[in-house]
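Novice: Attaching a predicted model along with its sequence, questions to come.
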Amino acid sequence: MAYIEKSFNIPNNTGLSETQIQLHLGLYAGYVKNTNILLDKINALKSGEDAVVVSELQRRLGFEFDGMRLHEYYFSQLSEGAQALDMDSKLGQLITTQFGSFDNYIADLKRIASTRGIGWVITYYDAENNSLINVWVADHELGHLAGLPIVFVIDLWEHAFMVDYAPATKADYVSTYLSAINWEVVAKRI
């Protein structure tokens, strides 16, 4: 089974330039392509004749697949333009209960996004505790919370913002990105 590159209806008024968006979408296309290449190679080599090669391909698959999927979350959040979160939705209620307000939730995301280095800010939903957990994930495949579905992501690898924002102004990129989110898309993930 091959993964197919998804398309996203991202309006021009996101605060990120068309050049930035197109370069970033090109990187996403590479993750889809590499995921498919790796899966094909792994399936062809599974006979056990070269365990070291298969192991390395499996390791790399986690990086490429997670890079593909996290970017799908990232770009889908921009689809159709900015939409406010319905605070009566399950996500809105969780945010209010846990963070006190939507503004406090956004402040927590921004605090985590100020972490030095490359990675992702991810909000997970823990159904067992009916709670949201905001975390920093350094690489695509490292640091995820086991078994928890992803609700929201912010890409903080330089490729996500370097056309429009210098590393020293990463906080401006984060604010711009957060202002362009279609929270209806995000709310449907719970």
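Specialist: Nice, thanks for sending it over.
Novice: Give me the residues contacting stretch 20-33.
Specialist: When contacts are defined by CB atoms under 8 Å, 6 or more residues apart in numbering, stretch 20-33 is touched by residues 3-5, 8, 10, 14, 64-65, 67-68, 71-72, 75, 155, 159-161, 163-164. Just so you know, the C-beta spots here come from the backbone N, C-alpha and C atoms, and that holds for glycine as well.
Novice: typo on my end, stretch 137-145
Specialist: Under the contact criterion CB under 8 Å, 6+ apart, stretch 137-145 has outside partners 62-67, 70, 117-122, 124, 126, 133, 135-136.
Novice: Just these: which are in strands?
Specialist: Of those, the ones assigned to strands by DSSP state E are Trp120, Val121, Ile122, Tyr124, Asp126, Ile133, Val135, Trp136.
Novice: So what's the predicted local confidence for the second one?
Specialist: Among the per-residue scores, Val121 shows a pLDDT of 98.
Novice: Who's the closest spatial neighbour of it, skipping the chain neighbours?
Specialist: The spatially closest residue to Val121, leaving aside those adjacent along the chain, is Ile154, at 4.3 Å (CB to CB, 6 or more residues apart in numbering).
Novice: tell me the SS of that neighbour?
Specialist: strand (DSSP: H, G, I helix; E, B strand; the rest coil).
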